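**Student:** Next come a sequence and a model predicted from it.
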Amino acid sequence: MKHVNEKCAVCGGELVEKEVEKLLRGGNHMASLKVSAEVCLHCGERFYSPLTVEKFEKIENELESGDVDHFQAVGRAFQVAASF
């Protein structure tokens, strides 16, 4: 964990640079990826670089259009009814 000199824009807490898992959705598809983010130690808010956000948008567009052949499948997701 690398400490960042800036403060959290939400609560003013201390930020550290960490690798985090981000879930992206588009259409009926979902992707999980690990990225670097600045994370607040107080409130947990995550801050991503502009380049990372651009990559998120590209991946979400690919998921939405179904262009997922170049992604690695890691399983299947299921929705379970809440009434049990």
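**Tutor:** Structure received.
**Student:** the strands in this structure, which residues?
**Tutor:** 2-7, 14-26, 29-40, 46-47 (DSSP state E).
**Student:** which parts of the second one are buried?
**Tutor:** By neighbour count, and taking 16 or more other Cβ atoms under 10 Å as the criterion, the buried residues in strand 14-26 are 15, 22, 24, 26. For every residue, glycine as well, the C-beta is placed using N, CA and C.
**Student:** Same check on stretch 60-67?
**Tutor:** 60, 62-63.
**Student:** Now distance to residue 44 too, for these, in TSV please.
**Tutor:** Below are the buried residues of stretch 60-67 laid out as TSV (distance: Cβ to Cβ, whole Å):
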residue	distance to residue 44
60	22
62	28
63	25
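**Student:** ok, of these, which one's closest to residue 37?
**Tutor:** The nearest member of the buried residues of stretch 60-67 to residue 37, counting by Cβ to Cβ, is residue 60 at 16.8 Å.
**Student:** how about the closest one, what does it touch?
**Tutor:** 24-26 (Cβ atoms under 8 Å, 6 or more residues apart in numbering).
**Student:** ok, of the residues you listed, which one's closest to residue 40?
**Tutor:** Out of the contacts of residue 60, the member with the shortest distance to residue 40 (by Cβ to Cβ) is residue 24, at 21.2 Å.
**Student:** surely the closest one meets residue 61?
**Tutor:** No - look at residue 24 against residue 61 with Cβ atoms under 8 Å: they stay out of range, at 10.1 Å.
**Student:** separation between the residue nearest to the spatial centre of the chain and residue 52?
**Tutor:** By Cα atoms, centre = their mean, the mean C-alpha position of the chain lies nearest to residue 22, the distance being 2.2 Å. Distance of residue 22 to residue 52, computed by Cβ to Cβ, to the nearest Å: 9 Å.
**Student:** joint contacts of the two?
**Tutor:** When contacts are counted by Cβ under 8 Å, 6+ apart, residue 22 and residue 52 have 35, 37 as shared neighbours.
**Student:** Return the helix or strand in the chain with minimum mean pLDDT.
**Tutor:** Here the helix or strand of the chain ranked lowest by mean pLDDT, DSSP states H and E is strand 2-7, holding a mean of 80.
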